[in-house]
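Okay, predicted coordinates and the sequence, questions at the end:
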Number of protein chains: 2
Amino acid sequence: MNGSNHVGFNQADGSEEECPDSHEVACAQCKLHGFLKFFEESDLIALNIFLSRRIPVAKGAILFDALASFRGIYAVKSGSFKSFSQLDPSGEQIQGFFLPGELIGLDSIHSSHYGYSAVAMETSSVCWLPFEHLDDLGERKSFFQEQVIRILVDQVRHDHHQTLLVGRRTAEERLGAFLLNLSERYGRHGFNGEAFRLPMLQNDIANYLGLSMETVCRLLRGFREQGVLSIQGKRLRILNPDCLRSIAHLC
Amino acid sequence: MNGSNHVGFNQADGSEEECPDSHEVACAQCKLHGFLKFFEESDLIALNIFLSRRIPVAKGAILFDALASFRGIYAVKSGSFKSFSQLDPSGEQIQGFFLPGELIGLDSIHSSHYGYSAVAMETSSVCWLPFEHLDDLGERKSFFQEQVIRILVDQVRHDHHQTLLVGRRTAEERLGAFLLNLSERYGRHGFNGEAFRLPMLQNDIANYLGLSMETVCRLLRGFREQGVLSIQGKRLRILNPDCLRSIAHLC
DNA sequence: CGTATTGTTGACGCGGCTCAAATGGAGTGG
DNA sequence: CCACTCCATTTGAGCCGCGTCAACAATACG
């Protein structure tokens, strides 16, 4: 767990501060780190040539377009993103949210285009791992693919759960499970899972969960009145996680 | 597209008839075939040592249990399966249906357990590809993994679509899209996409789509009365695909 | 400070769930 | 072949969750 046997990331740039921005995910907590940690040092040096670190992305800026040709995966370093498809002319359908430490675009591997768009919901920064030189890894490519498979499997699991959630649960259960999911993800990447920012609009939450904005708003008020959580602006605090779990029927 | 450059499958057993059962998928149309077709002949001979072909599975029999340890993937040769998780004590949640030519269990790769159960909805047969000797493939393992990734990506795409479908569409749109999806899948694997069996119970369809059985029943009657399709027993015939597409809002 | 965007609240209607009961069909044993 | 059972399907009645519409408040932003 000591990161000293790995090249790159924060340590690569000696002049870099330890923690320049408290809202930034630590490299050791980033999924990109887990992605690469099976490589030997020599490979990592090669990979680091291609790894672009901390690209700033302005709020509302498009990370990639649905029609953009696949050029690698991104890791959210700070800020947050949403992905959506435009299939329906009536508006966008939000596919997912991406918090610091999470990867975007992996499911477009082996496709010519990304197939969906990703935009920053706030001022953000990403690391970018281009995939074009992957074949240079030679025999080690298999390790790399194993990580890809591992993460894709995770996503399949999550999507199954999401389908179940959106299809068969009440609005209250969906929103509760959604908040718990956010909490768990923040916690996993080294943030406080009990108190965090809700970077997305209520409109986006509603869209994602297949609900109306008004229902989301009313439910949040209900949760507040039950003392389950508190909201001020975009800051959320979960006061009673057990109660929230029982609401979401995830005991 | 001539299958003669590949070893194994039907051709391997010289005494085997061409088409002993018209309800059986042709090997050239099976996803397992696509899965293996990138291998050289020598590798395929090795793989075929492990490939168990045409294992019969009785109606209602469990192919694998949620707690069974992962032992490889199955290809449906004839019949059909449903997969489901038992998370909810109130009953099963159906995750998917598997028709002849389709693969079951791939998303459990790199897990200790399957994580969900699969049972035969009718008298069926499968081919089984154990994964335990995959490392024997050596450098060619990478090709294999590439296929795994390709199929997992397909599944992620499908699951996203499913989430969207189940979350934001009316009951009519969901059922229409479901039937069209079945039609497309039967067609893709060499069957008649306009007239096929509905192997699952209406109860299962309802569960899968997040609807009640009664709603599914009423909607099917509506489709029949509109002349969109005809049903006798479990046999379904799509009389007006364009109308069904417009109902499903997939033009 | 003004404008645009997001969030809040109420009234109302309907899609689809629930409950309940009847009908049909497949399998089984006599 | 029939009688019986079990399960699936069908149909109806009633109700409620949540979407829609509309008006207004609050917040963000230039």
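Thanks, I have it.

is stretch A:37-54 anywhere near chain B?
No: residues of stretch A:37-54 are not located near chain B by C-beta under 8 Å from any C-beta of the partner chain, the shortest gap being 12.7 Å. In this view, the C-beta of every residue, glycine as well, is placed from N, C-alpha and C.

How far off centre is that stretch?
Distance, stretch centre to chain centre, for stretch A:37-54: 21 Å (C-alpha atoms, centre = their mean, to the nearest Å).

so how many other residues sit close to the spatially closest residue to A:D204 that is not a sequence neighbour?
Excluding its sequence neighbours, the residue lying closest to A:D204 (C-beta to C-beta, 6 or more residues apart in numbering or on different chains) is A:I94, at 5.6 Å. Residues near A:I94, counting by other C-beta atoms under 10 Å in any protein chain shown, number 21.

Look up which helix or strand A:I94 falls in, please.
Taking DSSP states H and E as the criterion, A:I94 maps to strand A:93-98.

Looking at the spatially most central residue of chain A now. What's its pLDDT?
Nearest residue to the geometric centre of chain A (C-alpha atoms, centre = their mean): A:F98, 2.5 Å. Per-residue pLDDT puts A:F98 at 97.

ok, it to A:R185 distance?
9 Å (C-beta to C-beta, to the nearest Å).

quick one, helices of the stretch 51-200 of chain A?
Taking DSSP state H, counting those that start in this stretch as the test, the helices found in the stretch 51-200 of chain A are A:141-168, A:171-188.

how far is the shortest one from where the chain is centred?
Right, the one you point to is helix A:171-188. So, by C-alpha atoms, centre = their mean, the centroid of helix A:171-188 is 13 Å from its chain's centroid.

Say whether chain B is contacted by that helix.
No: Helix A:171-188 does not reach chain B (C-beta under 8 Å from any C-beta); its nearest approach is 8.8 Å.

That helix vs DNA strand C: in contact?
No: using C-beta under 7 Å from any atom of the strand, helix A:171-188 stays clear of DNA strand C, with a minimum separation of 12.1 Å.

before we move on, the earlier item: can you list the strands that the strand holding A:I94 pairs with?
Here strand A:93-98 has these sheet partners by DSSP bridges: strand A:81-85 (antiparallel).

quick check: mean pLDDT across the partner strand?
95.

Next one: A:R174 relative to A:G210, how far apart?
Counting by C-beta to C-beta, the separation of A:R174 from A:G210 is 8 Å.

which residues do those two both contact?
A:V166 (C-beta atoms under 8 Å, 6 or more residues apart in numbering or on different chains).

Tell me which of these two has more neighbours.
A:R174 (26 against 21).

got the contact list for A:R237?
Residues counted as contacts of A:R237 (C-beta under 8 Å, 6+ apart) are A:E194, A:A195, A:L229, A:S230, A:I231.

and stretch A:115-128, is it in reach of DNA strand D?
No: figure legend: stretch A:115-128 not in contact with DNA strand D (C-beta under 7 Å from any atom of the strand); closest approach 8.3 Å.

Quote the end-to-end distance of stretch A:65-76.
One end of stretch A:65-76 to the other measures 17 Å (C-alpha to C-alpha, to the nearest Å).

tell me the contacts of A:L179?
A:L229, A:L236, A:I238, A:L244 are the contacts of A:L179 under C-beta under 8 Å, 6+ apart.

Find the closest residue to DNA strand C in the stretch 1-150 of chain A.
A:G60 (9.1 Å; C-beta to the nearest atom of the strand).

can I assume that residue is in contact with A:T123?
No: counting by C-beta atoms under 8 Å, A:G60 does not reach A:T123; the two are 9.5 Å apart.

For burial, what's the neighbour tally of the nearest residue to A:R150 once chain neighbours are set aside?
The spatially closest residue to A:R150, leaving aside those adjacent along the chain, is B:H110, at 5.6 Å (C-beta to C-beta, 6+ apart). Look at B:H110: counted by other C-beta under 10 Å, it has 15 neighbours.

The residue nearest to the centre of chain A contacts A:I104, correct?
Yes: using C-beta under 8 Å, A:F98 is in contact with A:I104, at 5.1 Å.

so what's in contact with these two at the same time?
Common neighbours of A:F98 and A:I104 (C-beta under 8 Å, 6+ apart) are A:V76, A:F81, A:S83, A:A118.

Could you tell me which residues of the stretch 51-200 of chain A lie near chain B?
So the stretch 51-200 of chain A meets chain B at A:85, A:87, A:93, A:95, A:107-111, A:115, A:139, A:141-142, A:145-146, A:148-150, A:152-153, A:155-157, A:159-160, A:162-164, A:166-168 (C-beta under 8 Å from any C-beta).
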